[in-house]
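*Asks:* generate a structure from the sequence data that follows.
(one chain, ligands or ions: 2)
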Amino acid sequence: MKMKNNKVALVTGAGAGIGRAIAMRLASDGFDIVLNDIGEESIKNVASEIEELGQKSFAIVADISKRDQVFSMINQTVEHFGRLDVMVSNAGIVQVKPLLEITEEDLERIFRINVFGTMFCMQAAAEVMIKQNSGKIINASSTSGKRGVEFLGHYCATKFSVIGLTQTAAKELAPHGITVNAYCPGIVGTGMWEEIDRKMSEYMNVPLGETLKNKINGIPLGRIEEPIDVANYVSFLASEDSNYMTGQAVVIDGGMVFS
Ligand SMILES: NC(=O)C1=CN([C@@H]2O[C@H](COP(=O)(O)OP(=O)(O)OC[C@H]3O[C@@H](n4cnc5c(N)ncnc54)[C@H](O)[C@@H]3O)[C@@H](O)[C@H]2O)C=CC1
Ligand SMILES: CC(=O)C(C)=O
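*Replies:* Residues are numbered from 1 along each chain as shown. Ligands and ions are numbered 1, 2, ... in the order given. The predicted structure is shown next:
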């Protein structure tokens, strides 16, 4: 039976895909949930589902690439719930492009969201958690943060960066009772992979679905990763069972990448 734990978790990019699954899983674990995304409708829907589970929810539209919006989001969270125990910096974007075609604007856009956004979320959450002398920060990296992937050069660079930020924050924030870890999914069946498959089919001149099918064929556990596979691991990171773990970036990918 689910037990309320009187703790509050904030999940960015919670309107779809992995973020939605994390929000639902943490609600099942007894957390009250702050849902963030750039569009209102998606997080309102997830908020209703969370209320059906008997947990409180609070939806905040904010663009994580904007520092002032992130700090305002954290202030609103503390005003609403009085605390912040778990910060899941999940929101991110991908772009498929060969290295030689990546423009300055492409680099700026992807780094603004995936790296600057993660940094702002960590900074704003840490300010609150330092006052509480406790907290858990959980960042989205990827198997693309562990090794390079063709046509995903700038995306990979952002996900390597997230691991660097995670390790540094783990060391700086440990004296304040705050742990900082990352999760590294593989090939997850979300809108992000629909986009990758579509773009790869254009660049490689292969039928739609072919890239994804080939990737799935290479997964030792023999199936695509579901958002809940990631959420189950984030549930552990958000729980007291992970209290002695910090600075880690663990791969959950069905056995493709060992690190
Ligand atoms: N799908 C996959 O195979 C993998 C995904 N990841 C990472 O997991 C995270 C979630 O990925 P998915 O759920 O697959 O993506 P998705 O594209 O399905 O969902 C991402 C969500 O983030 C939101 N978002 C985008 N930009 C935002 C911004 N500036 N501010 C706030 N919200 C924003 C979107 O509106 C969307 O609801 C990302 O960081 C991604 O890089 C990592 C490894 C594999
Ligand atoms: C989307 C992603 O993180 C990949 C392809 O590794």
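*Asks:* and this structure, what are its domains?
*Replies:* 8-186+226-251, 189-224 (the TED database).
*Asks:* list the contacts of the closest residue to residue 140 other than its chain neighbours.
*Replies:* Sequence neighbours aside, residue 90 is the residue nearest to residue 140 in space, at 4.7 Å (criterion: C-beta to C-beta, 6 or more residues apart in numbering). Where you see a C-beta, it was placed from the backbone N, CA and C, and this is true even at glycine. Taking C-beta atoms under 8 Å, 6 or more residues apart in numbering, we find residue 90 in contact with 11-14, 18-19, 22, 140.
*Asks:* gap between residue 90 and ligand 2?
*Replies:* 12 Å (C-beta to the nearest ligand atom, to the nearest Å).
*Asks:* repeat for residue 13
*Replies:* Residue 13 is 13 Å from ligand 2, by C-beta to the nearest ligand atom.
*Asks:* check which helix or strand the nearest residue to residue 148 once chain neighbours are set aside maps to.
*Replies:* Here the nearest residue to residue 148 in space, its sequence neighbours aside, is residue 156; by C-beta to C-beta, 6+ apart that works out to 5.3 Å. Under the criterion of DSSP states H and E, residue 156 resides in helix 153-173.
*Asks:* pull out the buried residues from the very next helix or strand once past that helix.
*Replies:* As assigned by DSSP H and E, the chain's next helix or strand after helix 153-173 is strand 178-185. Judged by neighbour count using 16 or more other C-beta atoms under 10 Å, the buried positions of strand 178-185 are 178-185.
*Asks:* name the helices or strands packed onto whatever helix or strand residue 88 lives in?
*Replies:* In this assignment (DSSP H and E), residue 88 forms part of strand 86-89. If you count contacts as 3 or more C-beta pairs under 8 Å, 6 or more residues apart in numbering; DSSP states H and E, strand 86-89 packs onto strand 8-11, helix 17-28, helix 117-132, strand 135-140, helix 227-238.
*Asks:* gap between the spatially most distant residue from the centre of the chain and ligand 1?
*Replies:* Most distant from the centre of the chain: residue 205, at 30.9 Å, with distances by C-alpha atoms, centre = their mean. Distance of residue 205 to ligand 1, computed by C-beta to the nearest ligand atom: 23 Å.
*Asks:* where does the prediction get shaky in the protein?
*Replies:* 1-2 (pLDDT under 70).
*Asks:* contacts for stretch 243-259, please.
*Replies:* Applying C-beta under 8 Å, 6+ apart, the set of residues contacting stretch 243-259 is 141, 143, 145-147, 162-163, 166-167, 170-171, 174, 179-187, 218-223, 225, 229-230, 233, 237.
*Asks:* could you redo the last one with a cut-off of 7 Å?
*Replies:* Contacts to stretch 243-259, defined as C-beta atoms under 7 Å, 6 or more residues apart in numbering, come from residues 141, 143, 145-147, 163, 166-167, 170-171, 174, 179-186, 218-221, 225, 229-230, 233.
*Asks:* no more questions from me, cheers.
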